[in-house]
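Trainee: Sequence below, structure please.
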Amino acid sequence: MRGGRVAVVGGSIAGCAAALAAHRAGAGTVTVYERAAGRLADRGVGLAMHNDRYAELEARGFVGAAMPWLQLARRSWYVRDGSTPMGRRIGELPFPFRTYNWGPLWRELRAQVPDSVEFRPGSVIDRLEPAASGVELSTSDGGSDRFDLVVGADGYRSSVRAAVCPEVRPAYAGYLAWRGAFPVERLPDADRWPVEDCAFPVFPGGHAVIYRIPDGRGGHRVNWVLYAAPPAGHGLALDSPTSLPPGTATDALRAHALELADTRLPPYWGRLVRLTPPGDLLIQPIYDFTAPRYATDRLALVGDAATVARPHTGASAVKALQDATALESALASATDRSDALAAYDAGRTEVGRGMVEVGRGLGLAMVRRTPDWSAMDQSGLEEWWQRADGTRGFGGRRLA
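Mentor: Numbering: from 1, shown residues only. Model (predicted):
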């Protein structure tokens, strides 16, 4: 690929990492096409990265200490008991994760991409036409260009994936994630909840995940996710992947989240759900899929364009960054493009398949077929987790 022309479709975390990978591998030019015209850095959802996976990615030069982060140490599990605001703490499990705010993390990663990489915001891909001489890429505004390689980093509705493997159909998991965040200054009785704790309030048919994240300005935000089945008559069209961005949730869906918070979560944790204004509430139906191949002769997939595993894996951002490191290694070491993409495909397709299976197993254990949490104690929690994460994929697989 040295001297070749590379296009990256998608300019978020996966896209920036892929652009950086192509540049480091020796591409002559790199052009990034991003659908959104606004500031991606304004996205404020939280994510977490296992310490071991961070160390691997830091060694490859994709993440670093300058990216605002917060260290967590354990997950504390709670059930509603009707007597204490925090609920009964049934046990704890190690949680060696660093937490991030999506926007500041993207901003730092974007800053690593050299100025020679051209970003084209507001560019919607209209057509991809692979041929022996290159890939013709056309945009909806009538522009077109030819590239030696096109990397799809354009998320779960990827236009590049549609060209690589059009048969892939994302599968709905049967439940939703309600997401929210708010400044830590709103947090009541903050001293009750240690900064290094990730809270897991659980109930039959779902659970919440609550932890602090950086705000990108030296402070913290409280980030929460609530998993459960939608209410009857929810009105969502779930035959294909969708999401409701902040401010678009229906009254019925928001009311259901508040009902779950009030009746299923311990009072302290339920109150946090109400601290997120309606305009900041995001709803994400849970889907998963993985592409049967990550590359063809001139097209490659990274991040959510290739695989979407359920968020329970704690590895979405990790997986995208790992894909980029593997792509860089393949492009830099192989003797020609075809060998490079074959090596990338062989190395990452199985990882994607494995992460989807991990997510499905955790989804069953934590949402669809939950245990009797009220009867759980520390030893029972440990035994249950050993069964739930039997493949040891939580937090992401080790980077080869």
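Trainee: how would you label Val202: helix, strand or coil?
Mentor: Under DSSP: H, G, I helix; E, B strand; the rest coil, the three-state class of Val202 is strand.
Trainee: need the contact list for it.
Mentor: Neighbouring residues of Val202 by Cβ atoms under 8 Å, 6 or more residues apart in numbering: Trp77, Tyr78, Val79, Ala208, Met366, Thr370, Trp373. Where C-beta positions appear, they are placed from N, C-alpha and C, glycine not excepted.
Trainee: do that again at 6 Å, thanks
Mentor: Val202 makes contact with Trp373 under the criterion Cβ atoms under 6 Å, 6 or more residues apart in numbering.
Trainee: per-residue confidence for it?
Mentor: Per-residue pLDDT puts Val202 at 98.
Trainee: beta partners of it?
Mentor: Per DSSP bridges, the residues bridged to Val202 are His207.
Trainee: Would you mind measuring from it to Leu327?
Mentor: According to Cβ to Cβ, to the nearest Å, Val202 stands 38 Å off from Leu327.
Trainee: Is it correct that Pro214 is in contact with Asn101?
Mentor: Yes. With contact defined as Cβ atoms under 6 Å, Pro214 counts as touching Asn101 (5.1 Å).
Trainee: after the helix or strand harbouring Glu328 comes which helix or strand?
Mentor: Using DSSP states H and E, Glu328 sits within helix 316-333. Following helix 316-333 in sequence order, the next helix or strand is helix 337-363 (DSSP H and E).
Trainee: about what we covered before: quick one: list the elements packing against the helix holding Glu328.
Mentor: On a contact count with 3 or more Cβ pairs under 6 Å, 6 or more residues apart in numbering; DSSP states H and E, helix 316-333 meets helix 13-24, helix 337-363.
Trainee: can you give me the strands for the stretch 1-150 of the chain?
Mentor: Using DSSP state E, counting those that start in this stretch, the strands of the stretch 1-150 of the chain run over 5-9, 29-34, 46-50, 70-71, 74-79, 88-94, 97-101, 118-121, 125-131, 134-139, 144-147, 149-152.
Trainee: quick one, which of those is packed in tightest?
Mentor: Neighbour counts (mean count of other Cβ atoms under 10 Å) averaged over each of those peak at strand 149-152, with a mean of 29.
Trainee: Now the element after that one, going C-ward?
Mentor: Where DSSP H and E defines the elements, the next helix or strand beyond strand 149-152 is helix 159-164.
Trainee: helices or strands up against that next one?
Mentor: Using 3+ Cβ pairs under 6 Å, 6+ apart, the elements in contact with helix 159-164 are strand 299-301.
Trainee: Rounded mean pLDDT for the following helix or strand past the strand it packs on, please.
Mentor: Next helix or strand after strand 299-301 toward the C-terminus (DSSP H and E): strand 307-308. Averaging pLDDT along strand 307-308 gives 96.
Trainee: Strand 307-308: partners in the sheet, and parallel or antiparallel?
Mentor: Its sheet considered, strand 307-308 pairs with strand 282-290 (antiparallel) by DSSP bridges.
Trainee: and stretch 345-356, which residues are buried?
Mentor: Asp345, Gly347, Arg348, Thr349, Val351, Gly352, Gly354, Met355, Val356 (16 or more other Cβ atoms under 10 Å).
Trainee: Need the nearest residue in space to the third one, chain neighbours excluded.
Mentor: The reference is to Arg348. Nearest residue to Arg348 in three dimensions, chain neighbours excluded: Tyr294, at 4.8 Å (Cβ to Cβ, 6 or more residues apart in numbering).
Trainee: Now do that neighbour: how many residues are near it, please.
Mentor: By other Cβ atoms under 10 Å, 30 other residues sit near Tyr294.
Trainee: isn't it right next to Ala346, touching?
Mentor: No. Under the criterion of Cβ under 6 Å, Tyr294 makes no contact with Ala346, lying 8.7 Å away.
Trainee: hang on, the earlier thing: is it possible to get CSV of the strands of the stretch 1-150 of the chain that adds distance to Glu185 and mean pLDDT?
Mentor: Shown next, in CSV, are the strands of the stretch 1-150 of the chain (distance: least, Cβ to Cβ, whole Å; pLDDT from 0 to 100):
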stretch, distance to Glu185, mean pLDDT
strand 5-9, 38, 97
strand 29-34, 33, 97
strand 46-50, 17, 95
strand 70-71, 16, 98
strand 74-79, 22, 98
strand 88-94, 25, 97
strand 97-101, 16, 97
strand 118-121, 33, 95
strand 125-131, 42, 92
strand 134-139, 43, 95
strand 144-147, 48, 95
strand 149-152, 40, 98
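Trainee: What angle do strand 97-101 and the helix holding Glu328 make with each other?
Mentor: When axes from the mean of the first three to the mean of the last three Cα atoms, to 10 degrees is applied, the directions of helix 316-333 and strand 97-101 differ by 90 degrees.
Trainee: ok, residues contacting helix 316-333?
Mentor: Contacts for helix 316-333 (Cβ under 6 Å, 6+ apart): 1, 13-14, 17-18, 21, 24-25, 47, 49, 53, 57, 60, 62, 302-303, 340, 343-344, 347-348, 396, 399.
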